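Peer 1: the sequence isn't on hand, but the structure is:
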């Protein structure tokens, strides 16, 4: 009996996914659990596995095609079995001869990628056969979904890339290292479609800024004691063979401490009112590698229940989430359920910036780099101290300015006197 391959729904709010690449082709024999294709949601890139053993047949969607979740995208047939009559593959939306259309549909060829040599650029049977005869660079290769996407975007042949991952799997970093030298752009420039993650970011940020009245507050923080505390913790971590705590990891801990004391910052505005959330789940904004077709991106993996976790646990979790985010290996569960967002652009040398709230959250903290600044000491003399600027953006429908100020003031006090985190 034919088994349908459906576009999976990987999160509650997901409506569509975009097909990135078919790793198995029409007519291939597959086992249950084999990866058939990679897809991209508005948050993650994921593999879709075969639900059964048999022959992959009736591929109905092409690369770069957006598909509603739960829609049938192919079938797994038993030997000698035919496709269900109610599920013919869709006709291609490009000019091609009927014979070329039937051959492309049967063999899973995306006609939009085929150059036509017929009259007026019409695709012929010979054009499709030429594509089928060409070697497939992905056959037999082990690569992460993010690595495959980057290889297409940068014109890198995966067959020439050495994999640094488990069992030689090609990682995103391997592809980036193998990129060809940048070529000067044409004078006419390039039009990049606003699609996938970039489109989702644009839509969500526009809606947030237009809907939520933002108020923004900035403080300067003397992080001398914070840096000393971090050095002591990392010395202990190295001695125990544990992960060193990044600045971001310690900020997650401090932010969670502050949210515990100021629950209105850990809330969400819903139709029935303001929900003061029971869990403190701090999202950490991670910038993804930019490209001509993707325009870069931003993803926010979540450290769950950060208020009850120790620094060592948070440090290991933040590092793991950041690595998997940049390699395209996050799961939908890694990015769901955030109640507050932390965005740290300090490592890029940015001294101060303002961030847009990540809906439906009520606040986001933007952290800049640490810079030496002249400040006035208690005795009145000028001294040079390491200073970090933090800007808190809050939804003024939910959080008053005084409430936001008290949270930011307490957070500054905790960073300047880390012992307060034990209070």
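Peer 2: Sure thing, it's come through. Because the structure is predicted, anything quoted here is derived from the model rather than measured.
Peer 1: all contacts plus neighbour counts: C-alpha atoms, from now on.
Peer 2: Fine.
Peer 1: checking the residue nearest to residue 388 when sequence neighbours are not counted next. Helix, strand or coil?
Peer 2: The shortest distance from residue 388 to any non-neighbouring residue, by C-alpha to C-alpha, 6 or more residues apart in numbering, is to residue 370 (4.5 Å). What DSSP: H, G, I helix; E, B strand; the rest coil gives for residue 370 is strand.
Peer 1: can you report how many residues neighbour residue 370?
Peer 2: Counted with other C-alpha atoms under 10 Å, the neighbours of residue 370 add up to 22.
Peer 1: now do the same contact list for it.
Peer 2: Contact analysis of residue 370 by C-alpha atoms under 8 Å, 6 or more residues apart in numbering lists 223, 346, 351, 386, 387, 388, 389.
Peer 1: do residue 24 as well
Peer 2: 35, 36, 37, 56.
Peer 1: return the member of these nearest to residue 212.
Peer 2: Of all the contacts of residue 24, residue 37 has the smallest distance to residue 212: 38.2 Å, by C-alpha to C-alpha.
Peer 1: so the closest one: helix, strand or coil?
Peer 2: strand.
Peer 1: ok, how many other residues are close to it?
Peer 2: 19.
Peer 1: residue 50 is in contact with that one, correct?
Peer 2: No - taking contacts as C-alpha atoms under 8 Å, residue 37 lies outside contact range of residue 50: 9.1 Å.
Peer 1: which of the contacts of residue 24 sits closest to residue 264?
Peer 2: Once C-alpha to C-alpha is applied, the member of those that ends up nearest residue 264 is residue 37, at 42.8 Å.
Peer 1: quick one: residues contacting the closest residue to the closest one other than its chain neighbours.
Peer 2: Spatial nearest neighbour of residue 37, chain neighbours left out: residue 22 (4.2 Å); criterion: C-alpha to C-alpha, 6+ apart. Residues counted as contacts of residue 22 (C-alpha under 8 Å, 6+ apart) are 36, 37, 38, 63.
Peer 1: which one in those is the model shakiest on?
Peer 2: Among the contacts of residue 22, residue 63 has the lowest pLDDT, at 85.
Peer 1: adding pLDDT, write the contacts of residue 370 out as JSON lines.
Peer 2: Formatted as JSON lines, the contacts of residue 370 follow (pLDDT from 0 to 100):
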{"residue": "223", "pLDDT": "96"}
{"residue": "346", "pLDDT": "94"}
{"residue": "351", "pLDDT": "95"}
{"residue": "386", "pLDDT": "96"}
{"residue": "387", "pLDDT": "97"}
{"residue": "388", "pLDDT": "97"}
{"residue": "389", "pLDDT": "97"}
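Peer 1: how about CSV for those residues, with secondary structure added?
Peer 2: Putting the contacts of residue 370 into CSV (three-state DSSP) gives the following:
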residue, secondary structure
223, coil
346, helix
351, coil
386, strand
387, strand
388, strand
389, strand
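Peer 1: now for residue 122: which residues touch it?
Peer 2: By C-alpha under 8 Å, 6+ apart, the neighbours of residue 122 are 95, 96, 97, 116.
Peer 1: buried among these? Make that a PyMOL selection.
Peer 2: Command for PyMOL that selects the buried part of the contacts of residue 122, burial taken from 16 or more other C-alpha atoms under 10 Å:
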select buried, resi 95+96+116
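Peer 1: among the contacts of residue 122, which two are most distant?
Peer 2: Greatest spatial distance among the contacts of residue 122 (C-alpha to C-alpha): 97 and 116, at 10.0 Å.
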